[in-house]
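A.B. asks: Return a 3D structure for these sequence lines:
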Amino acid sequence: MKIICLVKFVPDTEKFEYDYETDKINRETSRMILNPDDKNALAWAMKQKKQDPSTFVEVVSMGPLKLEEEMKDFVRLGADKAVLISDRRFAGSDSLATSRIISSYLASQEYNVLLTGTHTLDGGTGHIGPQIAEILGLNQFSNIIAIKEVKQEFSIVEALQEEMTYRLKIQNPSVLSVTHQMNLRLGFVRYENIGRNVDDQFALVDNEVLQLPAEQIGGKGSPTKVRKNIVVKRKQVEHKVVKVDDEGIDEVVCFLKEKGYL
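C.D. replies: This is a model prediction of the structure:
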């Protein structure tokens, strides 16, 4: 069985740089982290591989060249292959152009399941999974909170839709978009594997390989037009320590009443 995990690195909400002139996040200088939903998708794939070593896990991401080492770390963690789709001509791609670019690579690959996250921290459209499925003509479902079984022919999942949990049997090949509610732990690269040369298991794919026309990628290929971005910054809240006595309990009760919880 072959599983391809589609992951995205997103700007750390605590450490990112915003270019107010271009009204965009500077992804080249901002600290990037693995998107939480995507981390759960990869964690599930790695767990499946541990249970069945014959499972082939490939990790695919689209982003800047500086993510090469992060992608190679997925191989050091246990994945069989990592692919970084990167080209300056892809800059400015909206979800449709991004789906088109990723699908162009996937069209030449064989797999049983495509695993990805439902939403991302830097844009919660939830479009990528469904759009890739539409372009490639695959079955798809989003908001998956549990993957119960994956066979070559089908997958059994549980998904949350409008506060109801549904158990579904989906024919493969399929696109399964999971959520961080799966609560899986990805783990870390073992000490002896840090810095291991995995060049033979890594591939860099640019538009010289994909050969997509300019009007289908980047800003030109993106019909979505954002009128304005709003940067939301977290406020540091002061922590207060109370004693475990009657006075401390009264203080907590007063606080909860003040905030409307009681």
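
A.B. asks: rest of the way, CA atoms for contacts and neighbours
C.D. replies: Noted.

A.B. asks: Strands of the stretch 51-200 of the chain, start to end?
C.D. replies: Listed in chain order, the strands found in the stretch 51-200 of the chain under DSSP state E, counting those that start in this stretch are 56-62, 81-85, 113-117, 139-150, 154-161, 164-171, 174-178.

A.B. asks: Figure out which of those is closest to Gly218.
C.D. replies: Taking C-alpha to C-alpha, strand 56-62 is the member of the strands of the stretch 51-200 of the chain nearest to Gly218, at 12.3 Å.

A.B. asks: List the neighbouring strands of the closest one plus their orientation.
C.D. replies: strand 2-7 (parallel), strand 81-85 (parallel) (DSSP bridges).

A.B. asks: can I get the CA coordinates of that strand in CSV?
C.D. replies: Only the C-alpha atoms of strand 56-62 are listed here, as CSV (Å, rounded to 0.1, in the frame of the first residue of the first chain):
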residue,chain,number,x,y,z
PHE,A,56,5.2,3.1,1.5
VAL,A,57,4.8,6.6,2.9
GLU,A,58,5.6,9.7,0.7
VAL,A,59,5.4,13.2,2.0
VAL,A,60,4.7,16.1,-0.4
SER,A,61,4.7,19.8,0.3
MET,A,62,4.6,23.0,-1.7
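
A.B. asks: what does that strand rub up against?
C.D. replies: By C-alpha atoms under 8 Å, 6 or more residues apart in numbering, the residues outside strand 56-62 that reach it are 1-9, 42, 45-46, 49, 71, 74, 79-86, 102.

A.B. asks: Does Val175 touch Tyr111 like I think?
C.D. replies: No. Taking contacts as C-alpha atoms under 8 Å, Val175 lies outside contact range of Tyr111: 10.5 Å.

A.B. asks: Which one's more surrounded, those two?
C.D. replies: The neighbour comparison of Val175 against Tyr111 (other C-alpha atoms under 10 Å) goes to Val175, with 28 against 17.

A.B. asks: Let me see the contact set for the more buried one.
C.D. replies: Val175 makes contact with 113-116, 129-130, 133, 138-141 under the criterion C-alpha under 8 Å, 6+ apart.

A.B. asks: Now render the residues you listed as TSV, adding pLDDT, distance to Leu34 and neighbour count.
C.D. replies: Below are the contacts of Val175 laid out as TSV (pLDDT from 0 to 100; distance: C-alpha to C-alpha, whole Å; neighbours: other C-alpha atoms under 10 Å):
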residue	pLDDT	distance to Leu34	neighbour count
Val113	98	20	27
Leu114	98	17	25
Leu115	98	14	24
Thr116	97	12	27
Gly129	96	17	25
Pro130	96	20	20
Ala133	98	22	20
Leu138	98	25	17
Asn139	97	25	16
Gln140	97	22	21
Phe141	97	22	19
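
A.B. asks: For those, give me JSON lines that also has distance to Leu106.
C.D. replies: As requested, those are exported to JSON lines (distance: C-alpha to C-alpha, whole Å):
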{"residue": "Val113", "distance to Leu106": "11"}
{"residue": "Leu114", "distance to Leu106": "10"}
{"residue": "Leu115", "distance to Leu106": "12"}
{"residue": "Thr116", "distance to Leu106": "13"}
{"residue": "Gly129", "distance to Leu106": "13"}
{"residue": "Pro130", "distance to Leu106": "14"}
{"residue": "Ala133", "distance to Leu106": "11"}
{"residue": "Leu138", "distance to Leu106": "12"}
{"residue": "Asn139", "distance to Leu106": "15"}
{"residue": "Gln140", "distance to Leu106": "15"}
{"residue": "Phe141", "distance to Leu106": "18"}
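
A.B. asks: Tell me the one of these nearest Val244?
C.D. replies: For the contacts of Val175, the residue nearest Val244 by C-alpha to C-alpha is Thr116; the value is 44.7 Å.

A.B. asks: Alright, I will stop here.
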